[in-house]
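1. my questions concern the predicted model and sequence given below.
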Amino acid sequence: MDDYKKKEKLEEFMNLYSKKIFNFLNYAIGNKEEAKDLVQDVFFKVYKSLPKFRGDSSPYTWIYKIAINTLRNYIKKKKAKKFFSLEKIPEEIGMGYDPPSRPPSILYDAFKEMPQDLKEVILLYYYEEYGTREISEILDIPEGTVKSRLYRAREFIKNYFEKRGTYGV
Amino acid sequence: MECEKYKEFLWDYSEGKEIPYEVLKHIERCDFCLKEMEKIKKTLEILNNLKENLIEPHDIKENVFEEIEKYERIKKNVKNFSLIATPIFFIFLLFIIFNFYKSKKTIEIIYPKETQILTSEEVYFTFKIPENKSFVAQIDSYDITYDVEIFKDFCFYDASNFEIDPGFHIFKINIFDEKGKIIKKIEKIFYLTNYKGKEFTYLK
């Protein structure tokens, strides 16, 4: 694939998916600027890997795999930075959390405290509307694990809301 | 508690999925499960809002293409550099290999050194030879002062001893391989004093 075709293909993918992936990353890390950097990084990687893409899965699933890996690396770096830095960096990846007005910021607060593996599954399920089989393909884990993580993630949010009195109980 | 084992079905039921009849019967009669269902429905309402009001990211495309341009430029420069650097590297490598091979083939006199006090009455020569090489050295010695041939001798492999009078001497050493072909010629002029301790100096 020559450079011109690669750029053309990338532009097509960006038109279709950049907004969705940007919002997914923004939900996952809660920082618009950093989500923007990450989505740029994702599409840069997509461009570099385009010749290797054989179409075994849909382009969207393939791009999502890249996005998930980029997100995981970002979180690893963040944790390493926190570990080696003397500065106090806020807990988890919610630093500089910048939630929009909708959905309710309480959901962002819940995401901030939710373990990363659960957050990936719940975002892919409710935000991306992927089925459990597709999620298992993207995350490279068995479908049963996806289902159990999904259940744990839902319960996590429900319990979080319950503790914050969101249900008015 | 019976409700505990049906908990997972409450989510499925709230999302309109089919659940076993037995579970359904339980839910309809259980106050706790009905209350849980209310909470689940509210949670799902919030979760379903995730798809709405998405933020439009700006300048992403421009930034990515800018990054790609930089990347392609660097890639091109590296390619150009490697076009020049690769042959240079191989020439350098050949030079190193050639010198290594040459050094392996070199036969040198390692004793006596350039200037040395000899401890014996005799001069004996030791050659450094490459591993697994056999050779024969023909040594012709002349006394320069009297223009007299002192001796002709052959030595095998590594060392040969001669007794030489003090004075200036020329040593011509031809080294032959097993087939009788000369592989190295060494010509040395040296000076041997008549003092005790015999000072030995190569002049050339």
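-> In hand now; what should we look at? Residues are numbered from 1 along each chain as shown, chains lettered A, B, ... in the order given.
2. quick one, phi psi at the residue minimising distance to the centre of chain B?
-> Nearest to the geometric centre of chain B sits residue B:93, at 12.2 Å (CA atoms, centre = their mean). Backbone torsions of residue B:93, given as degrees, to the nearest 10, read phi -60, psi -40.
3. what residues does stretch B:12-27 touch?
-> B:2-3, B:6, B:9-10, B:33-34, B:37, B:40-41, B:44 (CB atoms under 8 Å, 6 or more residues apart in numbering or on different chains). (Each C-beta comes from the backbone N, C-alpha and C, glycine too.)
4. 6 Å - rerun?
-> With CB atoms under 6 Å, 6 or more residues apart in numbering or on different chains as the test, stretch B:12-27 has contacts from B:6, B:9, B:33, B:37, B:40-41, B:44.
5. just name the shakiest helix or strand of the chain by mean pLDDT.
-> Let's take chain A. In chain A, no helix or strand scores lower on mean pLDDT, DSSP states H and E than helix A:105-113, which sits at a mean of 82.
6. should've been chain B
-> Bottom-ranked secondary element of chain B by mean pLDDT, DSSP H and E: strand B:159-162, a mean of 61.
7. quick one: is the helix or strand containing residue A:63 near chain B?
-> Using DSSP states H and E, residue A:63 falls within helix A:59-84. No. On the criterion CB under 6 Å from any CB of the partner chain, helix A:59-84 is out of touch with chain B, staying 12.7 Å away.
8. now that helix: average pLDDT?
-> For helix A:59-84, the mean pLDDT works out to 85.
9. tell me which other helices or strands it touches.
-> Contacts defined by 3 or more CB pairs under 6 Å, 6 or more residues apart in numbering or on different chains; DSSP states H and E place helix A:59-84 against helix A:3-29, helix A:32-49, helix A:132-139.
10. among those helices, which is nearest residue B:202?
-> helix A:32-49 (64.6 Å; CB to CB).
11. any idea of the angle that closest one forms with helix A:3-29?
-> Counting by axes from the mean of the first three to the mean of the last three CA atoms, to 10 degrees, helix A:32-49 lies at 150 degrees to helix A:3-29.
12. mind listing what's buried in helix A:32-49?
-> A:32, A:34-44, A:46-47 (16 or more other CB atoms under 10 Å in any protein chain shown).
13. again, but for stretch B:136-146
-> For stretch B:136-146, burial by neighbour count (16+ other CB under 10 Å) applies to B:137, B:139, B:141-143.
14. roughly how far is it from the heart of the chain?
-> Relative to its parent chain, stretch B:136-146 has a centroid offset of 46 Å by CA atoms, centre = their mean, to the nearest Å.
15. if I look at the residue nearest to the centre of chain B, how far off is chain A?
-> Residue B:93 sits at a distance of 31 Å from chain A (criterion: CB to the nearest CB, to the nearest Å).
16. and for residue B:54, the neighbour number?
-> Per other CB atoms under 10 Å in any protein chain shown, the neighbour tally for residue B:54 reads 16.
17. ok, back up a step: how about the least confident helix or strand of chain A and chain B, any contact?
-> Yes. Helix A:105-113 reaches chain B (CB under 6 Å from any CB) through residue A:107.
18. roughly how far does the closest residue to chain A within chain B sit from residue A:127?
-> Closest approach between chain B and chain A, counting by CB to the nearest CB: residue B:49, at 3.7 Å. Counting by CB to CB, to the nearest Å, the gap from residue B:49 to residue A:127 is 10 Å.
19. of the two, who's got more company?
-> Legend: neighbour count by other CB under 10 Å for residue B:49 and residue A:127, higher for residue A:127 (20 against 15).
20. isn't residue B:198 up against residue B:112?
-> No. Residue B:198 lies out of contact with residue B:112 (CB atoms under 6 Å); the separation is 9.6 Å.
21. thinking again about what came up before, same list, the contacts of stretch B:12-27, but only the ones touching chain A.
-> Among the contacts of stretch B:12-27, chain A is touched by none when using CB under 6 Å from any CB.
22. from those residues, which is closest to residue A:108?
-> residue B:44 (17.0 Å).
23. could you report the pLDDT at that closest one?
-> The per-residue pLDDT of residue B:44 was computed as 89.
24. about what we covered before: pick the one among the contacts of stretch B:12-27 closest to residue A:28.
-> Comparing the contacts of stretch B:12-27 against residue A:28 with CB to CB places residue B:44 closest, at 19.8 Å.
25. gap between the closest residue in space to that closest one that isn't next to it in sequence and residue B:20?
-> Distances taken as CB to CB, 6 or more residues apart in numbering or on different chains place residue B:14 nearest to residue B:44, at 6.0 Å, with adjacent residues excluded. Going from residue B:14 to residue B:20 by CB to CB gives 15 Å.
26. the more surrounded of those two?
-> residue B:14 (19 against 10).
27. quick check: phi and psi at the more buried one.
-> Torsion angles, degrees, to the nearest 10, at residue B:14: phi -70, psi -30.
28. pLDDT at it, what is it?
-> pLDDT for residue B:14: 89.
29. same question, the one 4 residues further on
-> Turning to residue B:18, the model gives it a pLDDT of 87.
30. and for it, the neighbour number?
-> Number of residues near residue B:18 (other CB under 10 Å) recorded here: 9.
31. sec struct for it, please.
-> coil (DSSP: H, G, I helix; E, B strand; the rest coil).
32. and residue B:174, by the same measure?
-> strand.
33. which residue sits closest to it, ignoring its sequence neighbours?
-> Closest residue to residue B:174 apart from its sequence neighbours, by CB to CB, 6+ apart: residue B:138 at 4.6 Å.
34. likewise for residue B:176?
-> residue B:136 is the one closest to residue B:176 (CB to CB, 6+ apart), at 4.9 Å.
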